[in-house]
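S.K.: Model the structure of this input:
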Amino acid sequence: MTGFSVDPGVHDHLAGTLTAAADAIDAVGVAEIEVPNAGALSGLMTLAISHHMSAAAEYATGLGAAADAIRQTAAAYAHTDNAAADSFHSLLR
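M.R.: Below is the predicted model:
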């Protein structure tokens, strides 16, 4: 057999996994932090933690976008597959 096939459940599972990861990471990225007790380095440590939390929020946004793209691709794939099946069945009539 030539061609390709994708189980729709794979798209759903992958998109769901990415969405769950994005949500979990985003929760870290928006959490309120306390100033660490690091003596003279407390300010720098707070800045470093804030930077990492901001990066986590951006990463979460990217994961969410990837999940959305997978869902859109899955919908386009299903639409094309259904249209091809309809076209094939109309030839048989």
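S.K.: which one's the longest helix in this structure?
M.R.: In the chain, assigned by DSSP state H, the helix with the most residues is helix 42-92.
S.K.: pLDDT below threshold where in this protein?
M.R.: For the chain, applying pLDDT under 70 flags the ranges 1-3.
S.K.: Recalculate using a threshold of 80.
M.R.: The chain contains residues with pLDDT under 80 at 1-6, 29-31, 92-93.
S.K.: what's the longest helix of the chain packed up against?
M.R.: Applying 3 or more C-beta pairs under 8 Å, 6 or more residues apart in numbering; DSSP states H and E, we find helix 42-92 packed against helix 8-29. Placement of C-beta: from N, CA and C, glycine included.
S.K.: What residues of the helix it packs on count as buried?
M.R.: For helix 8-29, a neighbour-count test (16 or more other C-beta atoms under 10 Å) marks 11, 15, 18, 19, 21, 22, 25, 26, 29 as buried.
S.K.: And residue 7, its phi and psi?
M.R.: Residue 7 adopts backbone torsions of phi -70, psi 120, taken as degrees, to the nearest 10.
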